[in-house]
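> Sequence first, predicted coordinates after that:
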Amino acid sequence: MNKKGKSVCKVFGVVLGILFLLGGGLFVKFYAETRNMAPVETKEIADGVYAIADGYVNLYLIKAGESYIAVDAGNNADHVQKELSRVNIDPKKVAAVFLTHSDSDHTAGLGLFPNAAVYLSKQEEQMIDGRTTRFLIFKNKINHVCEFPDDNQVINISGLSVRGIPTPGHTPGSMSWLINDGLLFTGDSMSLKDGKVMTFNDFFNMDSKTQEKSLNMLSHVEGVKYIFTAHYGFTKNTQNTYFH
C-alpha cells in the first residue's frame, strides 16, 4: 500500500474511532437519563383513565363509551399488548390515537390499533417526512396515515372533546392534548419532580428555551384537574404546579 493509501486509511480509522466514541457516549447518556425516569405502573389511575407502562414510558387510554382513545402508543408493541391485556383493554376498541410527538418511544405500538385514527401536530410533520432530523442524523418514521389538526382545534370522538395545544420545545411539533377540558396530557413537554413541573431532560429536548415558553403558556389553561406526563407520572395538584 502506498503512502497515500495509508494516509486515507488512517483518516478513515480516526473518523470511525470518533464516531464510535460519540455513539458510546450517547448510549451511556441515554441510559443514565432513562434510568431516572419514573413512569406509572399499568393500572387505572383516575376514573376511566388507564396508564400503560412500557419500560421507561407511559401511554394512556381514556374510556369513551364502549371504546377508548389513546394518548401515544408506546415503545415496544409486544410489551404494550401484554400490558393492555392486564387491564382487559382490547386494542381493536381504540378509536383514535393522539400522538404528543413522533419519537419512536411514543409511536412503536401504533400497529396494535387497527381501527384508530392517528392525530399528530402539523408542525411535527417535518419530523416524519425527513425535513428535520433527530440528534442530527436520525429520522423519525411513522408507518401510518396521520391526520394533522390545526392548533387548538377541538376534535370530538366517542363523546370526548380533545383539544390540541401546541407545546413546542422537545420537538418542533410537540403537542399537549386537553381532554374534556380537565385532563391534560403533555407527553415530553414537561417533567414532574418532587411535585414541581420542570422542563424535560435537556439531553432529549431540541429546544429547552422554547419549551419553557410552552410551559408558561400552559399555566394559563384553566380548569385542568390532572396533568399526565409520559415519563414522570401524573399529578392532581395543578395549583401553582406549572413552570415559571
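All right, it came through fine.

> Just confirm D105 is within a helix.
Yes - under DSSP: H, G, I helix; E, B strand; the rest coil, D105 falls within a helix.

> ok, the residue nearest to it when sequence neighbours are not counted to N143 distance?
The shortest distance from D105 to any non-neighbouring residue, by CB to CB, 6 or more residues apart in numbering, is to N75 (3.9 Å). (Glycine included, C-beta is placed from N, CA and C.) Using CB to CB, to the nearest Å, one obtains 15 Å as the distance from N75 to N143.

> between the two, which one's more packed in?
Between N75 and N143, counting by other CB atoms under 10 Å, N75 is the more crowded of the two (19 against 8).

> and the more buried one, what does it touch?
For N75, the contact set (CB atoms under 8 Å, 6 or more residues apart in numbering) comprises D54, G55, Y56, V57, S104, D105, H106, A108, G109.

> Over to G173?
When contacts are counted by CB under 8 Å, 6+ apart, G173 touches H101, S102, L120, S121, K122, Q123, E124, E125, Q126, M127, P166.

> ranking the residues you listed by neighbours, who comes first?
Most neighbours among the contacts of G173, by other CB under 10 Å: S121, with 29 neighbours.

> Can you read off the pLDDT for that residue?
pLDDT, S121: 98.

> gap between it and A51?
The value you get for S121 to A51, if CB to CB is used, is 23 Å.

> With E222 instead?
If you go by CB to CB, the gap between E222 and A51 works out to 25 Å.

> Please identify which of those two sits among more neighbours.
A51 (21 against 6).

> That one bridge partners, please.
K43, Y60 (DSSP bridges).

> and it, what does it touch?
Applying CB under 8 Å, 6+ apart to A51 gives the contacts P39, V40, E41, T42, K43, I45, N58, L59, Y60, F228, F234.

> Tell me how many other residues surround the last one.
When counting by other CB under 10 Å, one arrives at 21 neighbours for F234.

> does it really touch I45, like I thought?
Yes - the criterion here is CB atoms under 8 Å, and F234 meets it with I45 at 6.3 Å.

> how close does the nearest residue to T235 once chain neighbours are set aside get to F98?
The shortest distance from T235 to any non-neighbouring residue, by CB to CB, 6+ apart, is to I227 (5.3 Å). Distance, I227 to F98, using CB to CB: 16 Å.

> more crowded one of those two?
Between I227 and F98, counted using other CB under 10 Å, the more crowded position is F98 (28 against 24).

> beta partners for that one?
Beta-bridge pairing for F98 (DSSP bridges): V71, Y119.

> Looking at it now. What's its pLDDT?
98.

> ditto for I89
pLDDT recorded at I89 is 98.

> surely it meets V49?
No - taking contacts as CB under 8 Å, I89 lies outside contact range of V49: 11.8 Å.

> Mutual contacts of the two, please.
Residues touching both I89 and V49 (CB under 8 Å, 6+ apart) are L61.

> Quick one: distance of stretch 151-163 to the chain centre.
Distance of stretch 151-163 from the chain centroid (CA atoms, centre = their mean, to the nearest Å) equals 19 Å.
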